[in-house]
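Asks: With the input below, show me the fold.
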Amino acid sequence: CALISYLIIILFWIDTHENILVLPINYFTEYFSYVAGEAWRGWPYNLLNGKYYLSSEVPKLHFLINLIYKSPEYFLLCYVIFLIIFIKSNTFFTKKIQFFNYKIILIISVMIIPFVIGFIIPVVIYDGMRHFLWVLPYFCIIPGLTFYYLFENLNLLRSKLTLIVLSFFIVYFLFNFFLITPYHYTYLNMFNGKIENRYQKFENDYWASSLGELIKNSSFDKTKTVKFSTCGVPASTLKNYLIKRGYTNFSFLHPEEADFIIMTNRVTFSEKVDNIADIKLINCFDKYEGDDIFQVKRAGLLLSVIRR
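Replies: Numbering: from 1, shown residues only. Prediction:
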């Protein structure tokens, strides 16, 4: 079984195909060097439900926190409904689906893997849930079973009422989902509080995919040298966007020397310290205050900005 599992992993692990015996070991060794602090990759800081962490020190339940605050409202409600259905009408599923109870145990066992990993294996977590996207299809099974039950029992009044309530939440989700196009991965549900303060809850546009739109909407004097600085975004990417927009006379300098700063709400340090234990974290929007010259917003959520 172990050999079969290993071969399945290797089959879909394209990076190891050049040498399936040596490369997997090298990658695992490299990973633990990241954990031990001997090497680094990704973003070193994290913002999780309004609290700042080093990426190597995020809470053990980071995945659950992301799931609760970034999932559609109807999705979360389906779990509550399914629990009630499972307790009161389990016989429905056992009659419809062969070995249902065993299958649901298997599904749940897969769903808890991210939590087990968080408690047992030291991990470096950054960029939301991107390291655990593979498990999300399994989390969709429970809501699917909920809808299956409701439609199969549509003759019952409680099923009809439940579907009506769920429909309102689905419409609400779709409305907000389309509003944030094409930055769907920045979706935050209603549990995150006031929209204008949500940039302080999570790193939203951590891939900085809104920079293209931000630069496209900008308007600077192309006859003069424009002095930029950045926070949370790579200058190399910005250079490409600026050149495509027709800007050739610009430079990137330290924030104190620049006229404008381009940023997302990435987490950074508030001030330099000699000891990492003394580091104080803040997001770019709060660190560099000023007048917003150009913005990219979706559904009221500020994604990226050029600030004077």
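Asks: Any stretches of this structure with poor pLDDT?
Replies: Residues of the chain meeting the criterion pLDDT under 70: 1-2, 4-5, 31-41, 273-278.
Asks: try 80 this time
Replies: Along the chain, the parts satisfying pLDDT under 80 run over 1-15, 27-42, 56, 114, 117-124, 131, 271-278.
Asks: Could I get the full set of strands for it?
Replies: Secondary structure of the chain by DSSP state E: the strands cover 45-48, 51-54, 226-231, 250-252, 260-264, 267-269, 281-283, 292-298, 301-307.
Asks: Turn these into a markdown table, columns for mean neighbour count and distance to residue 25.
Replies: Every C-beta, even on glycine, is put in place using the N, C-alpha and C of the backbone. Rendered in a markdown table, the data for the strands of the chain read as follows (neighbours: other C-beta atoms under 10 Å; distance: least, C-beta to C-beta, whole Å):
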| stretch | mean neighbour count | distance to residue 25 |
| --- | --- | --- |
| strand 45-48 | 23 | 29 |
| strand 51-54 | 16 | 28 |
| strand 226-231 | 19 | 38 |
| strand 250-252 | 15 | 40 |
| strand 260-264 | 24 | 36 |
| strand 267-269 | 19 | 33 |
| strand 281-283 | 20 | 35 |
| strand 292-298 | 17 | 43 |
| strand 301-307 | 23 | 40 |
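Asks: quick one, which of these is nearest to residue 194?
Replies: Taking C-beta to C-beta, strand 301-307 is the member of the strands of the chain nearest to residue 194, at 10.6 Å.
Asks: Against residue 67, how distant is the nearest residue to residue 63 once chain neighbours are set aside?
Replies: Distances taken as C-beta to C-beta, 6 or more residues apart in numbering place residue 114 nearest to residue 63, at 4.3 Å, with adjacent residues excluded. Noted for residue 114: a distance of 9 Å to residue 67, by C-beta to C-beta, to the nearest Å.
Asks: So between these two, which is more surrounded?
Replies: residue 114 (23 against 18; other C-beta atoms under 10 Å).
Asks: Report the contact partners of the more buried one.
Replies: Contact analysis of residue 114 by C-beta atoms under 8 Å, 6 or more residues apart in numbering lists 63, 132, 135.
Asks: chain center to the longest helix along the chain: distance?
Replies: When the chain is parsed with DSSP state H, its longest helix is helix 157-179. Averaging C-alpha positions (C-alpha atoms, centre = their mean, to the nearest Å) puts helix 157-179 24 Å from its chain's average.
Asks: Tell me the helices and strands packed up against that helix.
Replies: Using 3 or more C-beta pairs under 8 Å, 6 or more residues apart in numbering; DSSP states H and E, the elements in contact with helix 157-179 are helix 73-88, helix 141-152.
Asks: For those, could you give me TSV that also reports distance to residue 27 and mean neighbour count?
Replies: Converted to TSV, these look like this (distance: least, C-beta to C-beta, whole Å; neighbours: other C-beta atoms under 10 Å):
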stretch	distance to residue 27	mean neighbour count
helix 73-88	33	16
helix 141-152	30	17
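Asks: TSV for those helices, including distance to residue 196?
Replies: Converted to TSV, these look like this (distance: least, C-beta to C-beta, whole Å):
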stretch	distance to residue 196
helix 73-88	20
helix 141-152	30
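Asks: Out of those, which gets nearest to residue 272?
Replies: Among the helices and strands packed on helix 157-179, helix 73-88 comes nearest to residue 272, with 40.7 Å by C-beta to C-beta.
Asks: packing partners for the closest one?
Replies: Counting contacts by 3+ C-beta pairs under 8 Å, 6+ apart, helix 73-88 is packed against helix 141-152, helix 157-179.
Asks: of these, which approaches residue 50 most closely?
Replies: It's helix 157-179; of these, that one is closest to residue 50 (C-beta to C-beta) at 20.3 Å.
Asks: List the buried residues in the closest one.
Replies: Going by neighbour count (16 or more other C-beta atoms under 10 Å), the buried part of helix 157-179 is 159, 162, 166, 169-170, 173, 176.
Asks: Would you mind pulling the contact partners of it?
Replies: With C-beta under 8 Å, 6+ apart as the test, helix 157-179 has contacts from 72-75, 77-78, 81, 147, 149-151, 153-154, 184, 187, 298-299.
Asks: picking that back up, now tabulate the strands of the chain in TSV and tack on distance to residue 196.
Replies: Below are these laid out as TSV (distance: least, C-beta to C-beta, whole Å):
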stretch	distance to residue 196
strand 45-48	16
strand 51-54	19
strand 226-231	20
strand 250-252	29
strand 260-264	16
strand 267-269	19
strand 281-283	14
strand 292-298	10
strand 301-307	8
